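*Asks:* Sequence first, then the predicted structure:
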Amino acid sequence: MRLARLLELGRTVRVVGFDDAPFAKRRGAAVPLAGVVCADTRFEGMLWGRARRDGWNATDALSAMLDGSKFRDQVSVVLLDGIAVGGFNVVDLAQLHARTGLPCVAVMRKLPDLAAMRRVIDRLPDPARRLARIASAGEIHQRTPFVFQVQGEDVEVTAKVLARLTREGHVPEALRMAHLIGSAVMLGESGRRA
């Protein structure tokens, strides 16, 4: 059922939110990925995987995590904490949408400093390809309090869904929990910022 219809009918929106967990700072290091499945804001389950720091496999890793899970047929939308994991392993948001058949949303805490991002990316292998992936994710939208890029869904519907999936603040609950759990698993306790 499409997201607009779920909202119209007041039905539960099941979501998976992915965030990277703390990882080693050396190039090519394994980056743990936490995926939290929620029904609206209620925790329902978890996925765990990995990608490479500053690598190229984020899209494949996230797609495989979802496709290989028991939650695959229940989820209506995929949320990412930003457009990249593990430094600048940039997710191809359009490709993730094509593979999953689901709306895919990269949620940011604030408008990114694109100039600063470019300075870092320029020091990595194949910067043009990384920048092209960021651009192909689409326009960065601001719908207070949310900042996001989306593939596979209308911008206004996406903003309403993000509001539905958020208890307070501007971070949907699935992403907040993925961040907290990933930190706790890797560091022994959750971090301050969620």
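*Replies:* Thanks, I have it.
*Asks:* Please identify the helix or strand for the residue nearest the centre of the chain.
*Replies:* Nearest to the mean C-alpha position of the chain, by C-alpha atoms, centre = their mean, lies L80 at 0.5 Å. Using DSSP states H and E, L80 falls within strand 77-81.
*Asks:* so what secondary structure elements neighbour the helix or strand that that strand is followed by?
*Replies:* Scanning forward in sequence from strand 77-81 by DSSP H and E, the next helix or strand is strand 84-85. Applying 3 or more C-beta pairs under 8 Å, 6 or more residues apart in numbering; DSSP states H and E, one finds that strand 84-85 contacts strand 14-20, helix 58-67. In short, each C-beta sits where N, CA and C put it, glycine included.
*Asks:* What ranges in the protein fall below the confidence cut-off?
*Replies:* Counting by pLDDT under 70, the ranges of the chain that qualify are 1, 192-194.
*Asks:* rewinding a little: distance to V107 and mean neighbour count added to the helices and strands packed on strand 84-85, as TSV?
*Replies:* As requested, the helices and strands packed on strand 84-85 are exported to TSV (distance: least, C-beta to C-beta, whole Å; neighbours: other C-beta atoms under 10 Å):
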stretch	distance to V107	mean neighbour count
strand 14-20	8	27
helix 58-67	14	20
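*Asks:* Identify whichever of the ones you listed lies nearest to S136.
*Replies:* Ranking the helices and strands packed on strand 84-85 by proximity to S136 (C-beta to C-beta) places helix 58-67 first, at 11.3 Å.
*Asks:* can you state the direction angle for that closest one and strand 14-20?
*Replies:* Using axes from the mean of the first three to the mean of the last three C-alpha atoms, to 10 degrees, the inter-axis angle of helix 58-67 relative to strand 14-20 is 140 degrees.
*Asks:* residues contacting V37?
*Replies:* Listed by C-beta atoms under 8 Å, 6 or more residues apart in numbering, the contact set of V37 reads 14-16, 43-47, 71, 74-75, 174.
*Asks:* Can you go through those residues and name the buried ones?
*Replies:* 14-16, 44, 46-47, 71, 75, 174 (16 or more other C-beta atoms under 10 Å).
*Asks:* Right, I'll leave it there.
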